[in-house]
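Visitor: Predicted model and sequence below, questions to follow.
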Amino acid sequence: QQQVKQSPQSLIVQKGGISIINCAYENTAFDYFPWYQQFPGKGPALLIAIRPDVSEKKEGRFTISFNKSAKQFSLHIMDSQPGDSATYFCAASMRWGAQKLVFGQGTRLTINP
Amino acid sequence: KAGVTQTPRYLIKTRGQQVTLSCSPISGHRSVSWYQQTPGQGLQFLFEYFSETQRNKGNFPGRFSGRQFSNSRSEMNVSTLELGDSALYLCASSSDRNSPLHFGNGTRLTVT
């Protein structure tokens, strides 16, 4: 029940396209859903985060969509660029900003020029 | 502002040995957390420290321990190393217990 399932494992998108990564969870007590971006040799960096009472949050080219009834949330990267090529992780925790995060398995995104 | 600093970047140890990893949080940050990252298990929470006290612990054996000092710097220790402990160990800091995590670039531990 503590798991967060992420798909796909890897994704290839053409430059300018939309990248979509999906996550699903079981624990309805989760109250904080951040997305992290990780480049090779670097630690994860926070991209954007959402609460379950919000259906969508947008920051620049990055949008989180949240479906509370389905216990699913997704990351959309609009106008994907080669510099977006990285591994993306969804995560969940019991409260906003909690330090103990449960992470999805990650999606390796490649944007072809 | 300098980011989270982890030392050393790379470590090679032999099975049965022990190891200590160090983390200096972002200046002013008082909360430090540790995560283990492996290809098989992904990112897993180890523990959280705030004001020199362990506030939360993940599902790891007692061989994994940590501490936080009065200047918020933190160390984690792994005793009696096993091959399966080979991983990237990530330290993250935040200004308090309810703020987003800022990760360092990790210490890559290889156990042979």
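Guide: Ah, there it is.
Visitor: C-alpha from now on. contacts and neighbour counts both.
Guide: OK.
Visitor: Reduced to three states, what does residue A:83 come out as?
Guide: Here residue A:83 is recorded as helix under DSSP: H, G, I helix; E, B strand; the rest coil.
Visitor: In which helix or strand does the closest residue to it other than its chain neighbours reside?
Guide: Among residues not flanking residue A:83 along the chain, residue A:111 sits closest, at 7.8 Å (Cα to Cα, 6 or more residues apart in numbering or on different chains). Using DSSP states H and E, the element containing residue A:111 is strand A:107-112.
Visitor: Okay, now the sheet partners of that strand, with direction.
Guide: Applying DSSP bridges to the sheet, strand A:107-112 is found paired with strand A:10-14 (parallel), strand A:86-92 (antiparallel).
Visitor: and the last one, average pLDDT?
Guide: For strand A:86-92, the mean per-residue pLDDT is 98.
Visitor: try stretch B:21-30
Guide: Here the average pLDDT along stretch B:21-30 is 96.
Visitor: Other residues contacting that stretch?
Guide: The contact list for stretch B:21-30, computed with Cα atoms under 8 Å, 6 or more residues apart in numbering or on different chains, reads B:1-8, B:32, B:50-51, B:72-77, B:91-96, B:107.
Visitor: So which residues of chain B form strands?
Guide: B:5-7, B:10-13, B:19-24, B:31-38, B:42-50, B:53-57, B:64-68, B:74-78, B:87-94, B:102-103, B:107-111 (DSSP state E).
Visitor: most packed of those?
Guide: Among the strands of chain B, strand B:87-94 has the highest mean neighbour count (mean count of other Cα atoms under 10 Å in any protein chain shown), at a mean of 27.
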